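**Q** Okay, here's the prediction I keep looking at, along with the sequence it came from:
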Amino acid sequence: MNSLQIKKILQQDLWTKKYFLDVYASDCLPERIMCYPACFVCNVDSSAQPGSHWLAFYLLSPNEGEFFDSYGNEPINFSGPIANFALRYNRMNYTQ
């Protein structure tokens, strides 16, 4: 799946369309989240790369979020922007 396909699906779903922000490359994650709850999908690759693996964030509040990786990794296992984004939240739950 590419970013346009993911974006189209999430914008059309009755539940996610209310909270969906966008699909991002890892080096283009949002600087600020203006309203909660919010959700987005990101790729582990930067915008200069073709894309290799999708991740999802669901942000409940400015302090709490949920992270989903189909491989079961926690967000701090990803270097750079993904880990830094997750560290902004006091509590970031993740799948295991």
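**A** Structure's in. What do you need?
**Q** Need the contact partners of stretch 14-34.
**A** Stretch 14-34 is contacted by residues 3, 6-7, 10-11, 13, 37-49, 51, 58-59, 62, 78, 80-82, 85 when judged by CB atoms under 8 Å, 6 or more residues apart in numbering. For glycine as for every other residue, the C-beta is placed from the backbone atoms N, C-alpha and C.
**Q** Buried ones among the residues you listed?
**A** Buried by 16 or more other CB atoms under 10 Å: 3, 6, 10, 38-44, 51, 58-59, 78, 81-82, 85, out of these.
**Q** For the nearest residue to L87 once chain neighbours are set aside, grab phi and psi.
**A** Once flanking residues are discounted, L87 sits nearest to I76: 7.3 Å by CB to CB, 6 or more residues apart in numbering. Backbone torsions for I76, taken as degrees, to the nearest 10, come to phi -70, psi -10.
**Q** any idea how far L14 lies from M1?
**A** To M1, L14 is 20 Å away according to CB to CB, to the nearest Å.
**Q** Equivalent analysis for K7, please.
**A** 10 Å.
**Q** Same question for S79.
**A** 24 Å.
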